[in-house]
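Participant: dropping the sequence and predicted coords here.
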Amino acid sequence: MTTTARPRLTQYAHGGGCACKIPPGELESVVSGLIGGAAPDGPGELLVGLDDGDDAAAVRIAAGTAVIATADFFTPVVDDAYDWGRIAAANALSDVYAMGGTPVVAVNLLGWPRDTLPMELAGEVLRGGLDVAREAGCHVAGGHSVDDPEPKYGMAVTGIADPERLLRNDAGTPGTPLTLTKPLGIGVLNSRHKSTGEVFPHAIATMTTLNRSAAEAALAAGVRCATDVTGFGLLGHLHKLARASNVTAVIDSAAVPYLEGARKALADGFVSGGTRRNLDWVRPHAGTGRVSEDELLLLADAQTSGGLLIAGEIPGHPVIGELVARRGDVTLSIR
């Protein structure tokens, strides 16, 4: 009797998870010409758009109601199809939570190499996404698929929020503590998994945990500024927040939590190109003092379905720094 090994999905993609994003500097250059201009005729008032690179778009459609719209998809971050679907769905839903919203409906986005990988595996990916969306109380209603040389999966998600209680990345104020709701290190562990096949259940558990409770706690605490930590790493997303809010973010690197095995993965060289590009992007805007290059790489580690970075103190989660008055061109001060 012979058995056929299940394909390792990460081997069918050049990158993995949010580490396969287009580098932030290149992306900002591309979209810079799309910002501004007259608002189109039609219903709704755009509250959050392209200007500050926030997590999702927000449009006021009625008094007390804003629609939140986002889309997110990526190549396989783990080899198990069902787990990849779960991770991708949690990551897409996170953009709604990061804006203080509640997801309502999602549609699938699927690229699949149908001549290379069995369609049964695509079904497992979709089942994983459906299960996490159901956990979030979000409908899944169809979607779109293409025949693609690389497997890709994600969701376009629509949610609702109170327009007066949005979590935005441009609302930070000096004197506010910074809270991180998930440990870092997902990127280096995923890179190790892609290279060696080692499985890290605690990393999968972190990536599939919804940011719903963290967002609810932030809103209950009166927080108005937050973002999530994904492909641009903690440093990249915090740089965007500080820049948009015209403040400087001070990070206590010793207070930042990491997943077990993250430092070992870094020491063994499992650092993605996306992580190195993140650090290169923020370095001109960062005061790093005596912080080591390895520590900076971990702080810039490209996360997939990471936690929320909240300008406020949330019980049960570590405070990793604070926002202070802007210090010239420095958006990040790392100690």
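Facilitator: Noted; the coordinates are in hand. No experiment lies behind these values; they were computed from the predicted model shown.

Participant: distance of P23 from G233?
Facilitator: 12 Å (C-beta to C-beta, to the nearest Å). Backbone N, C-alpha and C define where each C-beta goes, glycine included.

Participant: shared neighbours of the two, anything?
Facilitator: N278 (C-beta atoms under 8 Å, 6 or more residues apart in numbering).

Participant: which residues touch G64?
Facilitator: For G64, the contact set (C-beta under 8 Å, 6+ apart) comprises 162-164.

Participant: between P23 and G233, which one's more packed in?
Facilitator: The neighbour comparison of P23 against G233 (other C-beta atoms under 10 Å) goes to G233, with 31 against 18.

Participant: in this structure the more buried one contacts L299, no?
Facilitator: Yes - under the criterion of C-beta atoms under 8 Å, G233 makes contact with L299 at 6.8 Å.

Participant: what sits in contact with each of these two?
Facilitator: Common contact partners of G233 and L299 (C-beta under 8 Å, 6+ apart): L184.

Participant: residues near the closest residue to V291 other than its chain neighbours, how many?
Facilitator: In this structure, V291 finds its nearest non-sequential neighbour in I334, 5.0 Å apart by C-beta to C-beta, 6 or more residues apart in numbering. For I334, the number of neighbouring residues by other C-beta under 10 Å comes to 22.

Participant: and I334, how far is that from L178?
Facilitator: Remark: distance between I334 and L178 (C-beta to C-beta) = 12 Å.

Participant: which neighbours do those two have in common?
Facilitator: Joint contacts of I334 and L178 (C-beta under 8 Å, 6+ apart) are I251.

Participant: flag the shaky bits of the stretch 101-250 of the chain, pLDDT-wise.
Facilitator: Along the stretch 101-250 of the chain, the model assigns pLDDT under 70 to no residue.

Participant: show me the strands in it, by range?
Facilitator: For the stretch 101-250 of the chain, applying DSSP state E, counting those that start in this stretch gives strands covering 102-112, 139-147, 152-161, 177-180, 226-228, 247-251.

Participant: so which of the ones you listed is the most surrounded?
Facilitator: Ranked by mean neighbour count under mean count of other C-beta atoms under 10 Å, the strands of the stretch 101-250 of the chain are led by strand 226-228, which reaches a mean of 29.

Participant: quick one: list the elements packing against that one.
Facilitator: helix 81-98, helix 233-245, strand 308-311 (3 or more C-beta pairs under 8 Å, 6 or more residues apart in numbering; DSSP states H and E).

Participant: could you redo the last one with a cut-off of 7 Å?
Facilitator: Applying 3 or more C-beta pairs under 7 Å, 6 or more residues apart in numbering; DSSP states H and E, one finds that strand 226-228 contacts helix 81-98, strand 308-311.

Participant: and that strand, how far from the chain's centre?
Facilitator: 9 Å (C-alpha atoms, centre = their mean, to the nearest Å).

Participant: now do stretch 268-281
Facilitator: With C-alpha atoms, centre = their mean, you get 16 Å for stretch 268-281.

Participant: stretch 156-165 too?
Facilitator: Centroid displacement of stretch 156-165 relative to its chain, using C-alpha atoms, centre = their mean, is 17 Å.

Participant: and if you look at stretch 42-51?
Facilitator: Computed by C-alpha atoms, centre = their mean, the chain-centroid distance of stretch 42-51 equals 22 Å.

Participant: gap between the closest residue to I251 other than its chain neighbours and V282?
Facilitator: Counting by C-beta to C-beta, 6+ apart, G321 is the residue found nearest to I251 once chain neighbours are left out, at 4.2 Å. Taking C-beta to C-beta as the measure, G321 and V282 are separated by 14 Å.

Participant: next one: H139
Facilitator: 37 Å.

Participant: sorry, back to before: who's in contact with the residue nearest to V291?
Facilitator: Contacts for I334 (C-beta atoms under 7 Å, 6 or more residues apart in numbering) come out as 251, 253, 286-289, 291, 299.

Participant: tell me which residue is most central in the chain.
Facilitator: With distances taken as C-alpha atoms, centre = their mean, T230 lies nearest the centre of the chain, 2.7 Å away.

Participant: residues contacting that residue?
Facilitator: T230 makes contacts with 18, 91, 303-304, 306, as judged by C-beta under 7 Å, 6+ apart.

Participant: out of these, which is most surrounded?
Facilitator: Using other C-beta under 10 Å as the neighbour criterion, Q303 leads the contacts of T230 with 32 neighbours.

Participant: which of the three states applies to that residue?
Facilitator: Three-state call for Q303 (DSSP: H, G, I helix; E, B strand; the rest coil): coil.

Participant: list the contacts for the residue nearest to Y82 when sequence neighbours are not counted?
Facilitator: Closest residue in space to Y82, ignoring its immediate chain neighbours: G128 at 4.2 Å, by C-beta to C-beta, 6+ apart. With contact set as C-beta under 7 Å, 6+ apart, G128 has these partners: 82-86, 89.

Participant: could I get those residues as JSON lines with neighbour count, distance to I310 and pLDDT?
Facilitator: Shown next, in JSON lines, are the contacts of G128 (neighbours: other C-beta atoms under 10 Å; distance: C-beta to C-beta, whole Å; pLDDT from 0 to 100):
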{"residue": "Y82", "neighbour count": "17", "distance to I310": "30", "pLDDT": "98"}
{"residue": "D83", "neighbour count": "22", "distance to I310": "27", "pLDDT": "98"}
{"residue": "W84", "neighbour count": "28", "distance to I310": "27", "pLDDT": "98"}
{"residue": "G85", "neighbour count": "30", "distance to I310": "27", "pLDDT": "98"}
{"residue": "R86", "neighbour count": "25", "distance to I310": "24", "pLDDT": "98"}
{"residue": "A89", "neighbour count": "34", "distance to I310": "22", "pLDDT": "98"}
